[in-house]
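> A structural model of the following input is requested.
(one chain, ligands or ions: 1)
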Amino acid sequence: MADNESLIASGLVQQGVSVTRRMAASLPELRNIAESKGLKIHHLGAGYPHPDVTDPKGFLVHKQAFFDKLAAEQGLNDPETTPEFLREAFAYTDTLGPRLPRELFAQIYGADWNLDINPDQLIPTVGATGGISMVCSLFERGDQAVAYLTDAPTYAGFVARASLKQSSRIFSVDMDAEGPDPEQFLSQIHKARDEGYFLPFYYTVPDGHNPAGISFSDKRRGEILDIARKEKLLILEDAPYLYINYEKPENRPRPFIAMDDEQTVHLFTGSKIGFPGPRIGFVYSNAKIRIKHDQSVLLSKLLLTEASSEILFQNPEALYGFAALLHDPALEPRKSLWSVAESKMDVYFENRAILLDTLQQELGAYGDHFSWTIPAAGFFSVFTFLDSNVRADETTVANLVSEFGVVVVPMAEFYPADAQQRCAGAGLNQIRLSFCFSESAPGKRADDMRSAVSTFCVAAKKLSGIS
Ligand SMILES: Cc1ncc(COP(=O)(O)O)c(C=O)c1O
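Numbers count the residues shown, from 1 in each chain. This next block holds a predicted model:
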C-alpha cells in the first residue's frame, strides 16, 4: 500500500470532490428521508441525457445493419470469413483510430460549420472529458507554472482536471447574459502573465453553458475572439450542447471553431447527441504552436504525442459504432449532424418548455424575488434568489431534497476561488436547474417534469418567505 503522507506531500492527493459528485453521494440517504415522509423524488439536478433518448435498442439494430453493409462492401458475404473492418474494430489500432469514422465526421461536421477539416487532425478522445485532460496535459509538460483562464461560473469537470496540477492556478472572468466581460477577460490575461504564469488557453462552453445556462451572443464571441487573437491566447471550446439548440437556425451563433480554427481548439463529444457510454469524442484544431522562436508546429501534431502516451489506443469498435450513427436509416452517409439531434430534441424542447412555462406561471408575479436564465441551448437554467437573506448553499439544497423531494445543484462551487474573492458569496443565491433527466416511467415524463418544477416553485417561495 502506498504511504498517504508522501502522496499528499507530493501533491498527488488534493482538492475536494466536486459539488455534483458530493450531491450524488448524499442522494441515497436524502432520498430515504424524503421517501420515509411519502415524498416523490423530483430530479432537477442531474446533467445526464434523458433515458427516453438513450435507449440503445434501435441503435444496435442500425449498427448491425451498417456493419453488414461494410462487410458486403468489403466483398465478404461469407459468414465464415471475418471482414477486415471487424478485425480492426477489435485490434490495436493507430493512435488516430480507424480512418472511416474520422473521414465521415470531418465531412459531415465540416459541412455543418463550413469548415475544411483534415481527418488527420481529428484526434479521438474519451469524450470531451478526455479532450480537456489531453489539452491540459500537453501544456503542463513544461517547467513554467501554468494558469488557465475560464468563466465564473465554469464547468466543474474542467476545474477538477485543471487543479490536478498542484502548481496551476485558475483565473476567472465574470459573465453577464451575453458571455464573459471582455474588459475583465483582457485584464485577467495580463494579471496571469504579470504574475509569471504560462497561460495557454481560455476554457469555455459558449453554447448551452454548463452551469451558467446561457449561450454567448454573436457580438460577445467576436469581442472575445479579437482579444484572444491579439493576446495570442487559444480558446478551448467545449461544445457538448452545440446541437442541443432551441433557437431557429438563422439565430444560432457560430461556434468559435467556425469563426477561427487557428485560434480555437474544439472539443466534440458524442455523449449528448448520441450516447455517453461509448465515450466518443474528438479534439480538432488548426492552431499552430511556436516551439522555438523560428519554428511552429500544428497543435494537433503535439496532441497526437499526448494521445499516444496517455490514452494508448482508442476503442475502435465504439468508433465504428459512431460511424453507424453518421449514417441515416437508409444507411446513406448523413449530410448533417442536426438530423441525429432531431430525434432527441422533441424530449428536450418539451422539458424546457415545461420548466420555463411553469416557472413563469408560478413565479412570474414575483419578479422582485426571483429570476432565471432562458437557455438557448443545453440542459440548464440558472435560478437566482434576489432576496439578500436567502442562501442557496449545500445545506439548503439538502433540505430541498429531504423536505420537498426536489434535487437541484447549488451554484456557489462552480465559481472559481478568485471569483469568490472578487465577490464574497458569489453564486450563493443561485441554483442550477437541469431539465434533461427524470426517472419517469415511459409516458410519464412530461407530467413528472411539471410536478417537479411546481414543487420547486413551492420550495422557492417558502425559502423567500412568500406565503
Ligand atoms: C461542459 C461539459 N463538458 C464536458 C462534459 C462531459 O462530456 P463527455 O461525456 O463527453 O466526457 C459535460 C457533461 O456533462 C459538460 O456539460
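
> and stretch 281-297, what's buried?
When burial is assessed from 16 or more other CB atoms under 10 Å, stretch 281-297 yields the following buried residues: 281-287, 289. Using the backbone N, CA and C atoms, a C-beta is placed for each residue, glycine as well.

> and stretch 360-378, by the same measure?
The neighbour-count check on stretch 360-378 (16+ other CB under 10 Å) flags 362-363, 366, 369-370, 372-373, 375-378 as buried.

> just give me the neighbour total for Arg445.
Using other CB atoms under 10 Å, Arg445 has 20 neighbouring residues.

> can you check Asp393 too?
16.

> repeat for Ser467
Residue neighbour count, defined by other CB under 10 Å, stands at 4 for Ser467.

> what separation is there between it and Val390?
As judged by CB to CB, to the nearest Å, Ser467 and Val390 stand 15 Å apart.

> same check on Met175?
From Met175 to Val390 the distance is 21 Å (CB to CB).

> with Glu413 instead?
Applying CB to CB to Glu413 and Val390 gives a distance of 17 Å.

> give me the more crowded residue out of these two.
Ranked by neighbour count (other CB under 10 Å), Glu413 and Val390 place Glu413 first, with 21 against 18.

> contacts only, for that one.
Residues in contact with Glu413 (CB atoms under 8 Å, 6 or more residues apart in numbering) are 18-19, 156, 427.

> what is the nearest of those residues to Ile214?
Closest approach to Ile214 among the contacts of Glu413 (CB to CB): Gly427, at 14.3 Å.

> helix, strand or coil for that closest one?
The three-state label given to Gly427 by DSSP: H, G, I helix; E, B strand; the rest coil is coil.

> residues contacting it?
Gly427 makes contact with 153, 410-415 under the criterion CB under 8 Å, 6+ apart.

> how about the backbone phi and psi for it?
Here is the backbone geometry of Gly427 (degrees, to the nearest 10): phi 80, psi -10.

> what about the buried residues of stretch 360-378, which are in helices?
The members of the buried residues of stretch 360-378 that map onto helices under DSSP state H are 362-363.

> got any ranges where this protein has weak pLDDT?
Residue ranges of the chain with pLDDT under 70: 1-16, 76-80, 309-313.

> over to the residue of the chain found nearest the ligand: give its phi and psi.
For the chain and the ligand, the shortest gap (CB to the nearest ligand atom) falls at Gly127, measuring 2.7 Å. The phi and psi values for Gly127, taken as degrees, to the nearest 10, are phi 70, psi -180.

> around the ligand, which positions in the stretch 251-400 of the chain sit nearby?
269, 271, 276, 281 (CB under 6 Å from any ligand atom).

> which of those count as buried?
For these, buried by 16+ other CB under 10 Å: 269, 271, 281.

> in strands only, show me these.
Under the assignment DSSP state E, these contribute 269, 281 to strands.

> and Ala353, that's in a helix?
Yes - using three-state DSSP, the assignment for Ala353 is a helix.

> identify the farthest-apart pair in the residues of the stretch 251-400 of the chain next to the ligand.
The most distant members of these, if one measures by CB to CB, are Pro276 and Gly281, lying 10.3 Å apart.

> what's the overlap in contacts for those two?
127, 270.

> adjacent strands (with direction) for the top strand by length along the chain?
The single longest strand within the chain, with elements called by DSSP E, is strand 169-176. The strands beside strand 169-176 in its sheet (DSSP bridges) come out as strand 147-152 (parallel), strand 179-180 (antiparallel).

> now tabulate those in JSON lines and tack on mean neighbour count.
Formatted as JSON lines, the strands paired with strand 169-176 follow (neighbours: other CB atoms under 10 Å):
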{"stretch": "strand 147-152", "mean neighbour count": "26"}
{"stretch": "strand 179-180", "mean neighbour count": "26"}
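
> distance to Gly405 added to those, as TSV?
Putting those into TSV (distance: least, CB to CB, whole Å) gives the following:
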stretch	distance to Gly405
strand 147-152	31
strand 179-180	35
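
> can you redo these as CSV with distance to the ligand?
Formatted as CSV, the strands paired with strand 169-176 follow (distance: least, CB to the nearest ligand atom, whole Å):
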stretch, distance to the ligand
strand 147-152, 11
strand 179-180, 15
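
> which of the ones you listed sits closest to Thr396?
Proximity to Thr396, assessed across the strands paired with strand 169-176 by CB to CB, is greatest for strand 147-152 (20.9 Å).

> helix or strand right after the closest one?
Counting by DSSP states H and E, the next helix or strand C-terminal to strand 147-152 is helix 156-162.

> which strands and helices lie in contact with that following helix?
helix 127-139, strand 147-152 (3 or more CB pairs under 8 Å, 6 or more residues apart in numbering; DSSP states H and E).

> let's go with 10 Å and repeat that
helix 19-36, helix 127-139, strand 147-152, strand 169-176, strand 201-204, strand 234-238 (3 or more CB pairs under 10 Å, 6 or more residues apart in numbering; DSSP states H and E).

> between the ones you listed, which gets nearest to His327?
For His327, the closest of the helices and strands packed on helix 156-162 is helix 127-139, at 21.5 Å, according to CB to CB.

> find the centremost residue of this structure, please.
Central residue of the chain (CA atoms, centre = their mean): Pro240, 4.7 Å from the mean position.

> roughly how far does it sit from Gly270?
Pro240 is 9 Å from Gly270, by CB to CB.

> and Arg161, by the same measure?
19 Å.

> those two - which one has more neighbours?
Gly270 (26 against 21).

> quick one: the residues of the stretch 251-400 of the chain next to the ligand as CSV, columns for distance to Lys40 too.
Written out in CSV, the entries for those read as follows (distance: CB to CB, whole Å):
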residue, distance to Lys40
Thr269, 32
Ser271, 28
Pro276, 26
Gly281, 35
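
> quick check: closest non-adjacent residue to Tyr366.
Ile466 (6.3 Å; CB to CB, 6 or more residues apart in numbering).

> count the neighbours of the one you found for me.
14.

> which residues sit in contact with it?
By CB atoms under 10 Å, 6 or more residues apart in numbering, the residues touching Ile466 are 363, 365-366, 369-370, 387, 458, 460.

> please apply the same query to Phe370.
Counting by CB under 10 Å, 6+ apart, Phe370 touches 359, 362-364, 383-387, 390, 457, 460-461, 463-464, 466.

> mind listing the residues bridging to it?
Phe385.

> please tell me how far it sits from Ser18.
In terms of CB to CB, Phe370 sits 26 Å off from Ser18.

> Val407 now?
In terms of CB to CB, Val407 sits 16 Å off from Ser18.

> okay, those two: which has more neighbours?
The neighbour comparison of Val407 against Ser18 (other CB under 10 Å) goes to Val407, with 25 against 16.

> neighbours around the closest residue to Thr95 other than its chain neighbours, how many?
Nearest non-adjacent residue to Thr95, counting by CB to CB, 6+ apart: Ser308, 4.2 Å away. The number of residues packed near Ser308 is 14, by other CB under 10 Å.

> name all residues that make contact with Ser308.
With CB under 10 Å, 6+ apart, Ser308 has these contacts: 94-96, 123.

> now which of the residues you listed would you call buried?
Buried subset of the contacts of Ser308 (neighbour count, 16+ other CB under 10 Å): 95-96, 123.
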